[in-house]
Each structure stands twice: as C-alpha cells, then as structure tokens.
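1. All I have is the shape, not the residue letters:
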C-alpha cells in the first residue's frame, strides 16, 4: 500500500490537527505492532529482572505487572487481527530496536530495575499518548487502553523513595541511570522512525511537522524530569 | 496447572469418603499455601524456561500459561486471607521443597521444559484433586478452580508429539526425563508431609490411612504413564 504524505492526510504543518489520522493509515498497524512487541518484551524483562528482587512479595508484585503487560499484548493482538494483520509478521520489524534498548539498559540491581520499570514505561507511555491524541477515536482507544496504569506503580515509587532517602550515593547513581534510560529510549525511537516510513508519517501527522516532533521530545524530557522527582531523584 | 480431568486419566478415588474434612482443619491452610507457592514458582519457572523457546509464538504461549498461574495464585491468596492467614508466612514452610524440586529438574532443552510443564503439572494436579475429593465443598472448589485447565496443554502436546515422532533418541531421552520428574515430585511430596503434621493429617483423612496413601501414589503412577503416552512417550 502506498504511503500518504501528511498533506494528503489533511494535516498542515505547524497548525493544530484539523481531523484525526484515519484508522486506515498503514502506520496504525506499525503503531499497534511496536506496542505489542513492547508489551511482550516488557513481560519477559520484568520476569527476568524479578530475579533481582530480594523478597517474595516483590516477585509477586512484579508477576502482577507482567500479567498486566500480557493482557495489553492480547488487546493489541486482537486489534491487529481485526485489521487483517498477522501479529508476528507485523512485530518483526521492531524486535531489534526494542531488544537493543533492553540490552543496553540491563539493570544490575533491583533498584535500577525498579526505576527502569517506572521510568522506561513512563517515557514510552508519554510518546504513545501524544500520538494517540491525533488518531481516530477507535484507534486512540486501543492505545490508551494498553497504556492504562497497571496500578502497580505505587509499589515501585515506595521502594525507590525509601532507598534514595537513605543513601545519597544510591540517589546519584539512580539519577544517572534515569538519564541513560531516556537517552537510549530516544535513540531507539529515532532508529525505528528512520526504518519505518509509514510509522514516521503517522508521527508527523500526529505532531504537525519535524518541529512538532522536536516539541514532543521536549515535552517528554519535562515529563521525565517530573517522574524522576516523584521517585526522589 | 494440570490439563486433563482425573476421570479422563482413569483416576478415581478408591472409596467414597464418609464425611468431608471440615474447612476448619488446620491442614487446609497448609494445602492452600503449598498450592499458592506452587503457582508462583510455576510462574517464574515458566517464564525462565521460555528463554529456551526457539520462537516468539512459543514465548507468547508460555507467557499466557504463566499469567494463568498467577490468576490461580491470586485465588489462593484471597482464600488464605479469608481464613485469616498471612499469605507469605503461610507459604514459608513450603518454599524449600518446591525450590528443590525445580532445581533438581532444571530442563536443559525446550522440549524437556515442555514435558515438565505438562507432566509436572499433571502429577501435582492428580495429587491435589484426590485430596480435594475429601474436602468440604467450599474448600474443594478453591482447589479445583486453581487446577482448572489453563487451555494451553494442546500447544505442549503438539510440540512434543511432533518432536518425538521425528526422533527416536529424543523419545528415549524424554521418556527418562518424565520418569525423573515423577520421582522427584514424589520425593518432595514425602519431604513436605514429613515436615508438616497438619497437612499429613489432612492427606490421611482424605485417603483413609497409610494404605490409602500408597494406593494414591499407585494411581498417580498410572495416570502419569497415561499422560506420557498422550505425549507419544
């Protein structure tokens, strides 16, 4: 299917979006697919990193978060199937970037792992929510559903705040760690967009133009700082 | 956990129990607790062993099985709380035996891991279902709920049957593996019963006497052989 330019989609650069990106936009399949692979890889990262948890209640909390990610994957799987896409074929173009992100941000302590759950998910959620704002209501509903708070962030916030209040060096270390998470996430997002024209068009249509993308990354940076502050970082 | 009904496996309680073990029996808390820890450790074993899966669809199938185990844990957690037990304290006496079982049956291939999912769960399910037959209806309902087919056994059966039909040496190797799983499961079950008087009393009440326990283990052996046959082993 031929890709449409932002202009063909009725989106004028630097102006508010007049009408939402239509559900038929081929970038929507890419968007659902990258989200779907993100959920599955989050499931496995969470369970792997739970090995770092010092306690059984911590392991159970992480298992609950992982199960919530799987439920999100299943929502996206259904949405992709409804669009006529084969879910594994659709996810294939995104496995490398996401695997690279996780490999390059492999936590070495339980606290790093907790910060990654919270901050990494937050960064991704900010990005997808911004895009969702420009999508047709049915597409936006899927995106918002799978970004819904899984209700477990309180667990992470409490654990991290307690640890960094008790140790200045831990706080410094985790602050750097949070910065690295943001940097790697943006690197991989740019890599994906450079590879996938249709997804890039969707993001352009959603943000207005390249300037809009820059503004989006600025807003993500601000949201990231606020999220770090909540953790005491 | 387990896939097939006891009836389908030819397991039927030897004699009708005159009156059910009352819900207040202290062994019921032990029973729920050992089941609960079994579910959580199955969750983490499944996700760890999924690393052996050669494909993303295999990993997703395992993630679904793991999420079903977590849902079972949550049912038991609620049942323990309703009995006034603290779930982590209640599970503590059983972590060692279950961890030892998993450590002593650590799969080295994806196929060993699949056989362990299916056969190991089946052994446990046979045991718990036999006990459930002697419990009061509300207690038995919890046990049966958490042993309900998670609907994923077909996936395992297909993968294993295909592999062993294609390779005689694989079949021989997995046959020995299945025998080892049964042996280790019985060893750990005996260890737990030797440690926990109240649970042992519950099992005795459920099976009649020591003779009844021996008969139970015989029936489990038969059910195990039938389950292996379904896998082509």
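-> Received, thanks. In this text, all values refer to a predicted model and were calculated from it rather than measured experimentally. Numbers count the residues shown, from 1 in each chain, chains lettered A, B, ... in the order given.

2. check which helix or strand covers the residue of chain A found nearest chain B.
-> Across chain A, the shortest distance to chain B (C-beta to the nearest C-beta) belongs to residue A:47, at 3.8 Å. C-betas here are computed from N, CA, C, even on glycine. Using DSSP states H and E, residue A:47 sits within helix A:26-49.

3. do the same with residue A:54
-> Assigned by DSSP H and E, residue A:54 belongs to no helix or strand.

4. Which residue ranges of chain A form strands?
-> In chain A, no strands are found when defined by DSSP state E.

5. Poorly predicted segments of it, please.
-> Residue ranges of chain A with pLDDT under 70: A:1-18, A:149-152.

6. Quick check: residues of it near chain B?
-> Contacts of chain A with chain B, taken as C-beta under 8 Å from any C-beta of the partner chain, map to A:40, A:43-44, A:47-48, A:50-51, A:56-57, A:59-60, A:63-64, A:66-67, A:70-71, A:73, A:88, A:91, A:95.

7. how does it look with 6 Å?
-> The interface of chain A toward chain B, taken as C-beta under 6 Å from any C-beta of the partner chain, is made up of A:43, A:47, A:56, A:63, A:67, A:70, A:88.

8. I'd say the fourth one and residue B:45 touch.
-> Spelled out, that is residue A:63. No: taking contacts as C-beta atoms under 6 Å, residue A:63 lies outside contact range of residue B:45: 11.9 Å.

9. hmm, back to that, columns neighbour count and distance to residue B:224 on top of the residues of chain A next to chain B, output as CSV?
-> Formatted as CSV, these follow (neighbours: other C-beta atoms under 10 Å in any protein chain shown; distance: C-beta to C-beta, whole Å):
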residue, neighbour count, distance to residue B:224
A:43, 27, 31
A:47, 25, 29
A:56, 16, 30
A:63, 25, 28
A:67, 25, 30
A:70, 20, 30
A:88, 17, 35
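
10. Determine which two of these are furthest apart.
-> In those, two members sit farther apart than any others by C-beta to C-beta. They are A:56 and A:88, at 34.1 Å.

11. quick one, helices of chain A?
-> In chain A, the helices defined using DSSP state H lie at A:26-49, A:56-82, A:87-91, A:95-104, A:110-115, A:121-132, A:137-147, A:153-166, A:168-195, A:197-207, A:210-230.

12. Mind putting these into CSV with distance to residue B:137?
-> As requested, those are exported to CSV (distance: least, C-beta to C-beta, whole Å):
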stretch, distance to residue B:137
helix A:26-49, 35
helix A:56-82, 28
helix A:87-91, 42
helix A:95-104, 47
helix A:110-115, 42
helix A:121-132, 43
helix A:137-147, 38
helix A:153-166, 36
helix A:168-195, 51
helix A:197-207, 55
helix A:210-230, 48
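
13. which one of the ones you listed lies closest to residue B:200?
-> Nearest of the helices of chain A (C-beta to C-beta): helix A:56-82, 24.4 Å.

14. relative to helix B:95-104, how tilted is that closest one?
-> Helix A:56-82 runs at 50 degrees relative to helix B:95-104, counting by axes from the mean of the first three to the mean of the last three C-alpha atoms, to 10 degrees.

15. Which neighbouring elements make contact with helix A:56-82?
-> Applying 3 or more C-beta pairs under 6 Å, 6 or more residues apart in numbering or on different chains; DSSP states H and E, we find helix A:56-82 packed against helix A:26-49, helix A:87-91, helix A:137-147, helix B:56-82.

16. For that helix, buried residues please.
-> A:56, A:58-77, A:79-80 (16 or more other C-beta atoms under 10 Å in any protein chain shown).

17. before we move on, what about stretch A:195-211?
-> In stretch A:195-211, counting by 16+ other C-beta under 10 Å, buried: A:196, A:198-209.

18. what do you get for stretch A:218-233?
-> A:220, A:223, A:224, A:227, A:228, A:231, A:233.

19. In a markdown table: the helices and strands packed on helix A:56-82, plus distance to residue A:173.
-> As requested, these are arranged in a markdown table below (distance: least, C-beta to C-beta, whole Å):
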| stretch | distance to residue A:173 |
| --- | --- |
| helix A:26-49 | 17 |
| helix A:87-91 | 34 |
| helix A:137-147 | 29 |
| helix B:56-82 | 31 |
